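> coords below, sequence missing:
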């Protein structure tokens, strides 16, 4: 009998999403159109932001934010090394220099106090990353940004639905960038969005996301549209499609339910693993609402790679988030980073394991994973 496999992640797509996508395919609107407009309004309403701009990825959202804020060659952007490739890559793509700041070992988020030490006359922006769905200390970060006239671009790829001081992530920074990738808390397959309260900036972002032309497909091809457009800037092909948006509209309606399911599963992990002396479970900032995109544990002594191998042998998928950017060959060669530069990020990376966590999991699945962990570590 084949061993049952419990994957690290599995998206929850239900009948409403399937019907919505089929209806959109039959509507004739496949690219950016009425569903994209509806999805943007829903995101703005949900987060409390004045504007939402749907794009094809969180990477595109951050890239466009940097461009729209006129950040480029010779500028510096402060961020964390403990993040996915896209956070650092977009800074490099606009010709700026990424300046890394180490993380807090308790939250795995960028250390707000160390941000202040990294600011130079060339610094133009801060990109805090809400790691695993745990909001950064935005009050401190925004105060530092305001005192130094810096923009803040939030990397909220993990944090749709998260809250800081009872306020939804999406309205703190100059822009906030979300991901709707297949593994995220809601998905459009691929996709992302930018929220901002700055109307002028939102207008620029809308133009930049579609070749820099003055009218998108909805404004040109709907009943009240006009074929005429002008190229106002040199933009990119970063728009979302109506097929993706149709999926996203229904996923967003379920986000609060998905979040509570994730938080409940995280509570069970907390309870089951508190008796395992070798394991450090993730903490939750009392000023914030964690949405547990990830459930990252740390191993005190046991070899992390061997642990993942043993869990895989038992049919349990685990992952690692992330290899710090300064340890990758490109960043070492391009900027001279080396091992030892950011000790807290390295300390967490060497011990971190992301356990399975997604709404389709059952309580008994979490208990089973915890039991396997206990057996492996024993």
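Great, that's in hand. No experiment lies behind these values; they were computed from the predicted model shown.
> Can you pull up the most central residue in this protein?
Against the mean C-alpha coordinate of the chain, by CA atoms, centre = their mean, the closest residue is residue 157 at 0.9 Å.
> That one is in contact with residue 180, isn't it?
No: with contact defined as CB atoms under 8 Å, residue 157 does not reach residue 180; the gap is 9.3 Å. From N, CA and C alone the C-beta is placed, and that goes for glycine too.
> Overlap in contacts, those two.
residue 192 (CB atoms under 8 Å, 6 or more residues apart in numbering).
> can you map out the strands along the stretch 101-250 of the chain?
Assigned by DSSP state E, counting those that start in this stretch, the stretch 101-250 of the chain shows strands spanning 123-127, 151-156, 163-164, 167-168, 175-179, 192-196.
> how far is the third one from where the chain is centred?
Yep, that's strand 163-164 we're talking about. Centroid separation for strand 163-164 versus its chain: 15 Å, with CA atoms, centre = their mean, to the nearest Å.
> circling back: from residue 294, how far out is the residue nearest to the centre of the chain?
Separation of residue 157 from residue 294 (CB to CB, to the nearest Å): 11 Å.
> What of residue 336?
When CB to CB is applied, the distance between residue 336 and residue 294 equals 30 Å.
> ok, these two, which is more surrounded?
Taking neighbours as other CB atoms under 10 Å, residue 336 and residue 294 compare with residue 294 leading, 25 against 9.
> shouldn't the more buried one be in contact with residue 322?
No: Residue 294 is beyond contact range of residue 322, at 10.1 Å (criterion: CB under 8 Å).
> looking at the protein, which helix or strand does the model trust least?
One helix or strand of the chain scores below all others by mean pLDDT, DSSP states H and E: helix 217-221, with a mean of 63.
> can you point me to the longest helix in the chain?
Longest helix of the chain, by residue count under DSSP state H: helix 255-273.
> For that one, name the packing helices and strands.
strand 295-299, helix 363-377 (3 or more CB pairs under 8 Å, 6 or more residues apart in numbering; DSSP states H and E).
> and among those, the most buried is which?
For these, average neighbour numbers computed from mean count of other CB atoms under 10 Å are highest in strand 295-299, which has a mean of 22.
> what is the orientation angle of that one with helix 255-273?
Comparing the axes of strand 295-299 and helix 255-273 via axes from the mean of the first three to the mean of the last three CA atoms, to 10 degrees yields an angle of 20 degrees.
> So what's the gap between strand 295-299 and the chain middle?
On CA atoms, centre = their mean, the centre of strand 295-299 falls 18 Å from that of its chain.
> now swap in stretch 190-198 and tell me
Taking mean C-alpha positions (CA atoms, centre = their mean), stretch 190-198 and its chain are 11 Å apart.
> Kindly provide the whole-number mean pLDDT of it.
Summarised as a single mean, pLDDT over stretch 190-198 is 98.
> I'd like to know how many residues surround residue 71.
Neighbour tally, residue 71, other CB under 10 Å: 21.
> Excluding chain neighbours, what is closest to it?
Excluding the flanking residues, the one nearest residue 71 by CB to CB, 6 or more residues apart in numbering is residue 124, at 4.9 Å.
> quick one, domains of the chain?
In terms of domains, the chain is parsed into 15-253, 257-377 (source: automatic domain parsing).
> Out of those, which is the most enclosed?
Stretch with highest mean neighbour count among those: domain 15-253 (a mean of 20; mean count of other CB under 10 Å).
> gap between the two ends of that one?
For domain 15-253, the first-to-last residue distance is 13 Å (CA to CA, to the nearest Å).
> so how far is it from its chain's centroid?
In terms of CA atoms, centre = their mean, the centre of domain 15-253 is found 9 Å from the chain centre.
> cool, stretch 323-330 as well?
When C-alpha coordinates are averaged (CA atoms, centre = their mean), stretch 323-330 and its chain have centres 19 Å apart.
> Stretch 304-317 now?
Between the centre of stretch 304-317 and the centre of its chain there are 26 Å (CA atoms, centre = their mean).
> outside of that stretch, which residues touch it?
Here stretch 304-317 makes contact (CB under 8 Å, 6+ apart) with 3-9, 299, 318, 320, 350-353, 356, 369, 372-373, 376-377.
> Could you rerun that using 7 Å?
Stretch 304-317 has contacts (CB atoms under 7 Å, 6 or more residues apart in numbering) with 3-8, 299, 318, 350-351, 353, 356, 369, 372, 376.
> So which of these sit within helices?
Residues of these located in helices (DSSP H): 350-351, 369, 372, 376.
> So which of those residues is the closest to residue 263?
Within the ones in helices among the contacts of stretch 304-317, proximity to residue 263 (CB to CB) peaks at residue 369, which comes in at 16.6 Å.
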